[in-house]
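Undergrad: return a 3D structure for these sequence lines:
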Amino acid sequence: MVHQNTFSFRVRYSETDQMGVVYHGNYAQYLEMGRVEWLRSMGFSYKKMENEGIMLPVISLKMEFKKSATYDDLITVNTKLIKLPMVRIEFDYKIQNEAGDLLLTANTVLAFIDMKTGRPTKCPPQILQYLQDQGF
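TA: This is a model prediction of the structure:
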């Protein structure tokens, strides 16, 4: 399904505290990585969007921590689009470790912003069309 993407990576030492546990603030970066990979899996990129004058700031972030990730864990981020984007785009996430343990659930809402005006704008038509062509 085009409306979700999964990717995995290993926790780096620099992302952990003295006890080897991932610092909670790093999970927001993992979610961003998930969004970037979701977009890339469809053939689009944040960089291209910004070059075309659209930015996507986070306007809402909710995280529920279930279990800790630790140094060198292989973790998987599942990013799922909730509904067809208009001016906002919303994602749900699950982060799991290699054993399949649920580490975190999260939700983000981002707004498409015209970089020239600083005002909200509609989802770029090529992304919207791609999602509609995929049956979303």
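
Undergrad: secondary structure class for I127?
TA: Following DSSP: H, G, I helix; E, B strand; the rest coil, I127 is assigned to helix.

Undergrad: do the same with the one 4 residues further on
TA: Following three-state DSSP, L131 is assigned to helix.

Undergrad: residues in contact with it?
TA: When contacts are counted by Cβ atoms under 8 Å, 6 or more residues apart in numbering, L131 is found next to V2, H3, M42, L81, L84, P85. For every residue, glycine as well, the C-beta is placed using N, CA and C.

Undergrad: mind running it again at 10 Å?
TA: Residues in contact with L131 (Cβ atoms under 10 Å, 6 or more residues apart in numbering) are V2, H3, M42, L81, L84, P85, C123.

Undergrad: spatially nearest residue to the fourth one (excluding sequence neighbours)?
TA: Put plainly, it is L81. H3 (4.1 Å; Cβ to Cβ, 6 or more residues apart in numbering).

Undergrad: check the burial of that neighbour by counting its neighbours.
TA: By other Cβ atoms under 10 Å, the residues close to H3 number 17.

Undergrad: mind starting the numbering at 24 from now?
TA: Done: numbering now begins at 24, and the last item shifts to H26.

Undergrad: ok so, going back, just the closest of the contacts of L154 to T131, please.
TA: Ranked by distance to T131 (Cβ to Cβ), the contacts of L154 are led by L104 at 11.0 Å.

Undergrad: neighbours of the closest one, how many?
TA: 20.

Undergrad: same check on the one 5 residues further on?
TA: The number of residues packed around M109, counting by other Cβ under 10 Å, is 11.

Undergrad: what distance do you get for it to I82?
TA: Taking Cβ to Cβ, to the nearest Å as the measure, M109 falls 14 Å from I82.

Undergrad: okay, and the common contacts of those two?
TA: Contact criterion Cβ under 10 Å, 6+ apart; residues bridging M109 and I82 by contacting each: P143.

Undergrad: about what we covered before: for ChimeraX, write the selection for the buried entries among the contacts of L154.
TA: Selection of the buried residues among the contacts of L154 in ChimeraX, burial being defined by 16 or more other Cβ atoms under 10 Å:
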select :26,65,104,108,146
